[in-house]
Every structure is written in C-alpha cells, then in structure tokens.
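>>> model the structure of this input:
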Amino acid sequence: MRRFVSLCVAFVLALSLCAAQVLAYSRTNATNYADTYVFDHNPNFRYFTDRNCTNFVSQCMHAGGVPMTDAWYYHKTFLHIADSYSLSWTVANELKNYVKNDLGALRLVSKWRKVADPTHNTYAYIDNSSNITNTGIEIVFYDWQDNGNIDHSSIVVGTGTSAGDFADYGDLIDQNSYDRKHVIWNLDKYNTRRWTTAIYAFRLS
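Okay, the predicted model is just below:
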C-alpha cells in the first residue's frame, strides 16, 4: 500500500512538472526576443549567413521557455570557435520534425498552397489566417518547391500593419535570411517562388 501511495505521489508530481513546463512558456518573451534580435543578432549565437532562419526561430522558442534537450540544443564556446548544435536547432526541416514529433505541436492545416484561381486557394492567400491566432507560439514553415522538404521557417509575432515595402494589415512574422520584421506571414509579396510554395504552421502548445 505504501508503495502504491508513493507511486501515485510520483505520478502527480510528474504531471505537475509537465503542466509547469507548459505554463512556463511566455509568448511575450518569445515575441520580444524576435523583435529585439531579428536585425541585431544575438552575439551568444553564431549567425549563419543566408541560412540563419531556423537558428533564429529556435532562439525565439528557447527565449519563450522551450527547454533545450539532447535532441534540440545550441552550446556556445569561446568566440564561437567550436559551438555545437543539433540539426533540429538549425535546419528548417529538422525543426519541423522536432516540434511535430518531440514537442507534440498542433499542426494547424494540412498545408496552404497558392493556385491560379484565387477562389480555390488552399494556400490561404489572405493576410489574416483564421488558423493563426496565438502570437509568439506559432511557427510557420515554408517548402519552396512543394516537394516535402521544408526550406524556411519564421515565427508569428502579432497582427497589425506590416513594415517595409508593403503596408498591409494582417498576421505578422519575424524571420532571418532574409532578415525581415513584422511582414505578412505568407510572404507572398517577397517570394518569387510563391506559385510553387507550400506553407505549414504549428502551434507549440
């Protein structure tokens, strides 16, 4: 009986720790980090020229409260001479697999895809998506050729008027490679491969 009670207590404590981890995620911290370091890159991490998008998104997730693990990590060394990091931290396709399989993130849609007839766009080529509702906790992945391999990632940071060349109102993302702050999530007006791009989004919790 005593052993049974001990097991029950251990089980309850484990559930409490899991709940605490979920509650510990701060969307505010994630979005503040994204806005702070989207252009002025955090010197505690190596900047990968032309391919820093997933490194940046991983940093935002970690700032929000997602803990590093043996499968998802970045370890800094002096002057970045021998930094170590997982593929899931730095490669978009691997991060997608990690948030889906290891974090159990909710996939918001099968995929969004642009088609010639705008009345049949499954890509949701509108500035505001009814699926994207939780700023700072949703990661957007882009497959430029719609071949099943994710090429790019970004983080949703808010809803409002986009910055840069196009002042559109809608759901906004921050991204690296290219570095962009508060641009419309579907990247339509920046993406020369828009006609072959498939987009996926996952909610962390």
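>>> and the strand or helix carrying Leu172, how far out from the chain middle?
Using DSSP states H and E, the element containing Leu172 is strand 169-175. Its chain's C-alpha centre and that of strand 169-175 lie 13 Å apart, by C-alpha atoms, centre = their mean, to the nearest Å.
>>> cool, stretch 53-65 as well?
Counting by C-alpha atoms, centre = their mean, stretch 53-65 comes out at 7 Å from the chain centroid.
>>> give the rounded mean pLDDT of it.
Averaged over stretch 53-65, pLDDT sits at 98.
>>> which one is Tyr74 nearest to, not counting chain neighbours?
Closest residue to Tyr74 apart from its sequence neighbours, by C-beta to C-beta, 6 or more residues apart in numbering: Tyr85 at 4.4 Å. For glycine as for every other residue, the C-beta is placed from the backbone atoms N, C-alpha and C.
>>> on that earlier part again, the strand holding Leu172 - what's its average pLDDT?
In this model, strand 169-175 has an average pLDDT of 95.
>>> and it, what other elements does it pack with?
helix 27-37, helix 53-64, strand 152-161, strand 180-184 (3 or more C-beta pairs under 8 Å, 6 or more residues apart in numbering; DSSP states H and E).
>>> redo those as TSV? Include distance to Val109.
Below are the helices and strands packed on strand 169-175 laid out as TSV (distance: least, C-beta to C-beta, whole Å):
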stretch	distance to Val109
helix 27-37	20
helix 53-64	19
strand 152-161	14
strand 180-184	17
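>>> buried deepest among these, which one?
Of the helices and strands packed on strand 169-175, the one with the most neighbours on average (mean count of other C-beta atoms under 10 Å) is helix 53-64, at a mean of 25.
>>> what's the spacing between the helix or strand following that one and its chain's center?
Using DSSP H and E, the helix or strand that directly follows helix 53-64 along the chain is strand 74-75. Taking C-alpha atoms, centre = their mean, one finds the center of strand 74-75 at 18 Å from the center of the full chain.
>>> for the following helix or strand past strand 74-75, which strands pair with it and how are they oriented?
Next helix or strand after strand 74-75 toward the C-terminus (DSSP H and E): strand 84-85. Strand 84-85 sits in its sheet next to strand 74-75 (antiparallel), going by DSSP bridges.
>>> show me what the mean pLDDT comes to for stretch 99-113.
The average of the pLDDT scores along stretch 99-113 is 93.
>>> now do the end-to-end distance for that stretch.
End-to-end distance for stretch 99-113: 21 Å, by C-alpha to C-alpha, to the nearest Å.
>>> how about residues contacting the one helix or strand Ile139 maps to?
Assessed by DSSP H and E, Ile139 sits inside strand 138-143. With contact meaning C-beta atoms under 8 Å, 6 or more residues apart in numbering, strand 138-143 is reached by 57, 61, 92, 95-96, 99, 105, 108, 111, 132, 149-156, 173, 185, 187, 191, 197-204.
>>> swap the cut-off to 6 Å and go again
Applying C-beta atoms under 6 Å, 6 or more residues apart in numbering, the set of residues contacting strand 138-143 from outside is 96, 132, 150-156, 185, 197-203.
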